[in-house]
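K.L.:
Any chance you can model this:
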Amino acid sequence: MSVALPALSRAVKLQKRVARVGFDWPAVDQVFDKLTEEIGELRDELVEYPDQARITEEMGDILFVCANLARKLGVDPETALRGCNQKFERRFRHIEAGLAKDGRRPEHASLEEMEELWVEAKKLEKGVADA
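P.N.:
Prediction:
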């Protein structure tokens, strides 16, 4: 298996390979349970004396489970993330354009102002695609 693959794609390939020999959760709900468990472990690492190496490891576990969830749902995680990135960029451009109308930039706006424009962008996209 090529290590040159994007990490999410490689995770899916690894999971497909082990699923063929029975090392797989039979139900999607079990993957959701594992994701909840991994998020809890990351939260635990953030308490008191956070260690960046442990945080990185736990974040990797979350991403690995997300790749597994995508596989179970028949979704290519690279395609899903690429689409999400594009959606994010579109919405953030809406924030920038909305602020530019008043001669402002995002770094001079409050989070609340930007969130309001974000919600507006989602509403505008509603007829085009799911927000």
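K.L.:
To what extent is residue 60 buried, counted in neighbours?
P.N.:
When counting by other CB atoms under 10 Å, one arrives at 14 neighbours for residue 60. (Glycine included, C-beta is placed from N, CA and C.)
K.L.:
ugh, wrong one, residue 10
P.N.:
Residues lying near residue 10 (other CB under 10 Å) number 16.
K.L.:
What's the separation between it and residue 82?
P.N.:
Distance of residue 10 to residue 82, computed by CB to CB, to the nearest Å: 16 Å.
K.L.:
next one: residue 25
P.N.:
In this view, residue 25 and residue 82 are 26 Å apart by CB to CB.
K.L.:
who's more crowded, those two?
P.N.:
Neighbour count, other CB under 10 Å: between residue 25 and residue 82, residue 25 has more, with 15 against 11.
K.L.:
ok, and the closest non-adjacent residue to that one?
P.N.:
Leaving aside its chain neighbours, residue 25 sits nearest to residue 31 (5.5 Å; criterion: CB to CB, 6 or more residues apart in numbering).
K.L.:
does the one you found sit in a helix or strand, and which one?
P.N.:
Per DSSP states H and E, residue 31 falls inside helix 28-45.
K.L.:
Cheers, nothing more for now.
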